[in-house]
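Asks: Here is a sequence with its predicted model. Questions after.
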Amino acid sequence: MQKPNKRLENQTCIITGASSGIGKAVAKAMGTEGANIVVNYHSGAAEAEEVADWISKHSDCGEAIVFKCDVSKEDDVEAMFKKTISHFGTVDVCVANAGIQIDHPLHEMPLDAWQKVLDVNLTGQFLCARESIREFLKRGMRKEISKSLGKIIHMSSVHEVIPWAGHANYAATKGALTMLMQSICQEYGSQKIRCNSIAPGAVKTDINKEVWSTKEGAEDMLKLIPYKRIGVPEDIGSVASWLASDESEYINGTTIFVDGGMTCYPGFTTNG
């Protein structure tokens, strides 16, 4: 984790899916930068409480609370923002991180597997972005806090540009996120709202543990990564906390790939 410098002090950040994996690392990174953190979770209340407790012990100026919310449900998302604003006064940063995979070959994919992934990975991101923008516009600029009216960070994936056989529903949501994020930038950038995406590559989380935890699986993953290291959640947390800060104030409407070079398609180093 990066050395904290309080660049998010007096700001409030909602991180969805923050009880584990990448969301947990983002919450910790932003918390140590001085932000108030809303640790959102869908399941795993104990894990979410552990994240909040860690932040309270490692931040000398921020506070963390937990909130259970299914990001695919409009009422849940609205309630999460209402609670955040009631408790902290406003929202400055929203990291829409929650996501799921339900994998099937396309010809065997049930409609509910397609729909559930879209509901969480795309509709959930839309609902979080919409509520963030509503609060940013209502609250107005806080120039003493940030140069931006508000910041939205969508957690995408290298699969917004790399096709993924057997995971068409997941890849489709990540590709769609690009247009959602860029459309938000185009529509609200003039009002100093910043909206960007982070696209992780192979990162060691529970969702892919059965692959990277074996020697053979790790070796196969490394074939896809020019940097020859599988990522860890803290790699994403460091980028997210920087992207939420004024140090990245002129970055808007783009995706930052955190992938060790995976999108450089290393399979073509010997002409494919």
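Replies: Yep, that arrived.
Asks: contacts and neighbour counts: CA atoms only from here.
Replies: Fine.
Asks: Pull the contacting residues for the closest residue to G17 other than its chain neighbours.
Replies: Spatially, and ignoring its direct neighbours in sequence, G17 is nearest to A98 (4.2 Å; C-alpha to C-alpha, 6 or more residues apart in numbering). With contact taken as C-alpha atoms under 8 Å, 6 or more residues apart in numbering, A98 is in contact with T16, G17, A18, G23, V71, V120, N121, G124, M155.
Asks: Quick check: mean pLDDT of the helix or strand encompassing G217?
Replies: Element membership for G217, per DSSP states H and E: helix 215-222. On average, the pLDDT along helix 215-222 is 89.
Asks: Going by neighbour count, list what's buried in it.
Replies: By neighbour count with 16 or more other C-alpha atoms under 10 Å, helix 215-222 contains the buried residues A218, M221, L222.
Asks: Closest to P110 out of these?
Replies: M221 (28.2 Å; C-alpha to C-alpha).
Asks: quick one: that closest one and I230 touch, right?
Replies: Yes: counting by C-alpha atoms under 8 Å, I230 is a contact partner of M221 at 7.5 Å.
Asks: intersection of neighbour lists for the two?
Replies: With C-alpha under 8 Å, 6+ apart, M221 and I230 have common neighbours A202.
Asks: Quick one: distance of the top helix by length along the chain to the chain centre.
Replies: In the chain, with assignment by DSSP state H, the single longest helix is helix 168-188. When distances are taken as C-alpha atoms, centre = their mean, to the nearest Å, helix 168-188 is centred 13 Å away from the chain's centroid.
Asks: what sits up against that helix?
Replies: Looking at what lies outside helix 168-188 - C-alpha under 8 Å, 6+ apart - the contacts are 100-103, 106, 113-114, 117-118, 121-122, 126, 154, 156-157, 159-164, 193-197, 252-255.
Asks: Put the buried members of those residues into a ChimeraX selection.
Replies: To isolate the buried subset of these in ChimeraX, counting by 16+ other C-alpha under 10 Å, use the following:
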select :101,102,103,113,114,117,118,121,122,126,154,156,157,159,160,193,194,195,196,197,252,253,255
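Asks: The residue nearest to G17 - that's part of a helix, no?
Replies: No: A98: not assigned to a helix; according to DSSP: H, G, I helix; E, B strand; the rest coil it is coil.
Asks: Number the residues from 17 up from this point.
Replies: Sure, I'll start numbering at 17, so the last one becomes A114.
Asks: Pull up the gap between the residue nearest to T28 when sequence neighbours are not counted and I267, please.
Replies: Using C-alpha to C-alpha, 6+ apart and skipping the chain neighbours, the partner closest in space to T28 is N52 (4.5 Å). From N52 across to I267, the span is 23 Å (C-alpha to C-alpha, to the nearest Å).
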